[in-house]
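Engineer: this one's structure only:
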């Protein structure tokens with residue numbers, strides 16, 4: 001069967017585009033692994049924070065919120081749970097909070113200033129040097145990433161999209177009729193190809209004879225730790241405004257990250273022992289609880305374009321080749337709006353969000 005659109009990659013980026021494009025076109029989703037969402041999507045820290053990703057990403061984040069609040073038919077559970085976010089001033093950097101607040105001074109993001117007395121009363125787990133000043137961000141939620149991803153795929157399939165797993169793309173060839181796509185599973189034909197391959201985005205572009213963008217896969221580490229005393233499940237996500245760690249409770253455990261961004265290559269990323277140790281050390285330097293054991297850890301690749309904004313749009317030099325890459329660490333929380341934006345651009349519809357800052361043309365003009 002010939003398809004209108006073949007999407008390479010069935011993680012959160014590809015699944016969201018498929019969800020919004022499938023009602024209007026014959027869509028094929030090609031996934032290299034034997035299950036969709038195996039890499040970055042399945043390893044997310046799973047929170048929605050309005051300020052995360054910076055002001056440039058904020059339009060996509062805010063435009064996604066109505067979808068999260070009221071998912072369409074096909075989603076089996078609520079996607080968000082209120083959590084709150086606490087941005088701490090790191091010792092020795094009194095201006096970190098000013099920089100954060102200044103970045104969003106003209107936006108809809110709201111912060112509440114907390115002083116040392118308030119922090120000591122509300123969050124006694126913090127060590128004194130980390131409890132001098134903070135900004136509380138009420139618009140922060142846990143995301144059920146598995147439910148979001150599964151719901152997007154379910155909606156896409158309900159509209160006729162076809163998902164083929166274990167179908168790593170090995171060759172792309174274009175002629176007057178469109179694309180011939182050679183995969184490990186079978187050969188397919190499509191009028192348009194969408195590159196939603198995450199860390200593999202530049203490799204897929206090379207197969208299509210498109211110029212790579214210089215995508216940077218950056219490794220991010222997460223560890224689940226048991227502590228004494230155990231975690232308080234009502235705590236917010238707690239983030240160093242200087243960018244050296246974040247953690248959040250999960251039941252009576254903590255998820256802890258050293259907020260690392262280690263340059264890597266497109267692969268099945270694994271955590272390094274040193275990075276896990278750094279995560280534990282930074283966590284223990286900021287809080288009173290002691291880590292008694294690391295129960296598990298993992299790493300994922302967050303892929304960024306050179307300017308750290310996502311990339312959407314048709315390649316100027318390769319007809320029928322569409323970019324949907326560079327979602328970095330904000331791909332989950334922006335998925336609904338990003339998927340709709342990409343689908344609108346693909347189908348020639350008028351987008352609800354101004355796409356100018358996200359278009360691939362900014363790198364190829």
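Structural biologist: Perfect, thanks for sending it. Note that this is a predicted model, so its numbers are computed, not measured.

Engineer: Mind naming the longest strand for this structure?
Structural biologist: Counting by DSSP state E, the longest strand found in the chain is strand 290-304.

Engineer: tell me which strands and helices the helix or strand containing residue 281 is in contact with?
Structural biologist: Taking DSSP states H and E as the definition, one finds residue 281 inside helix 273-286. Helix 273-286 sits against strand 216-228, strand 237-240, strand 253-257, strand 290-304, with contacts defined as 3 or more Cβ pairs under 8 Å, 6 or more residues apart in numbering; DSSP states H and E. Every residue, glycine included, has its C-beta placed from N, CA and C.

Engineer: Any idea which of those gets closest to residue 191?
Structural biologist: Nearest of the helices and strands packed on helix 273-286 to residue 191, taken as Cβ to Cβ: strand 290-304 at 26.1 Å.

Engineer: by contact count, what packs against the helix or strand immediately after that closest one in the chain?
Structural biologist: Toward the C-terminus, strand 290-304 is succeeded by strand 311-314 as the next helix or strand (DSSP H and E). Contacts defined by 3+ Cβ pairs under 8 Å, 6+ apart place strand 311-314 against strand 321-325, helix 335-347.

Engineer: Need the ones you listed in a markdown table (columns: mean pLDDT).
Structural biologist: Output for those, formatted as a markdown table (pLDDT from 0 to 100):
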| stretch | mean pLDDT |
| --- | --- |
| strand 321-325 | 98 |
| helix 335-347 | 98 |
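
Engineer: Make TSV from these and add mean neighbour count and distance to residue 300 to it.
Structural biologist: Shown next, in TSV, are those (neighbours: other Cβ atoms under 10 Å; distance: least, Cβ to Cβ, whole Å):
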stretch	mean neighbour count	distance to residue 300
strand 321-325	26	15
helix 335-347	24	15
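
Engineer: okay if I get these as CSV plus distance to residue 189?
Structural biologist: Shown next, in CSV, are these (distance: least, Cβ to Cβ, whole Å):
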stretch, distance to residue 189
strand 321-325, 15
helix 335-347, 17
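
Engineer: what about the ones you listed, which gets the closest to residue 106?
Structural biologist: helix 335-347 (20.0 Å).

Engineer: if we can go back for a sec, which of the helices and strands packed on helix 273-286 sits most buried?
Structural biologist: Of the helices and strands packed on helix 273-286, the one with the most neighbours on average (mean count of other Cβ atoms under 10 Å) is strand 237-240, at a mean of 24.

Engineer: Next SSE downstream of that strand?
Structural biologist: Next along the chain after strand 237-240, taking DSSP H and E as the criterion, comes strand 246-250.

Engineer: ranges for the strands of the stretch 51-200 of the chain?
Structural biologist: Using DSSP state E, counting those that start in this stretch, the strands found in the stretch 51-200 of the chain span residues 80-82, 85-88, 112-115, 133-137, 140-143, 162-164, 169-175, 178-183, 187-195.

Engineer: buried set for the second one?
Structural biologist: Going back to what we said before, that points to strand 85-88. Across strand 85-88, burial judged by 16 or more other Cβ atoms under 10 Å covers 85-88.

Engineer: hang on, the earlier thing: among the helices and strands packed on strand 311-314, which comes closest to residue 115?
Structural biologist: Ranking the helices and strands packed on strand 311-314 by distance to residue 115, with Cβ to Cβ as the measure, places helix 335-347 first at 35.4 Å.
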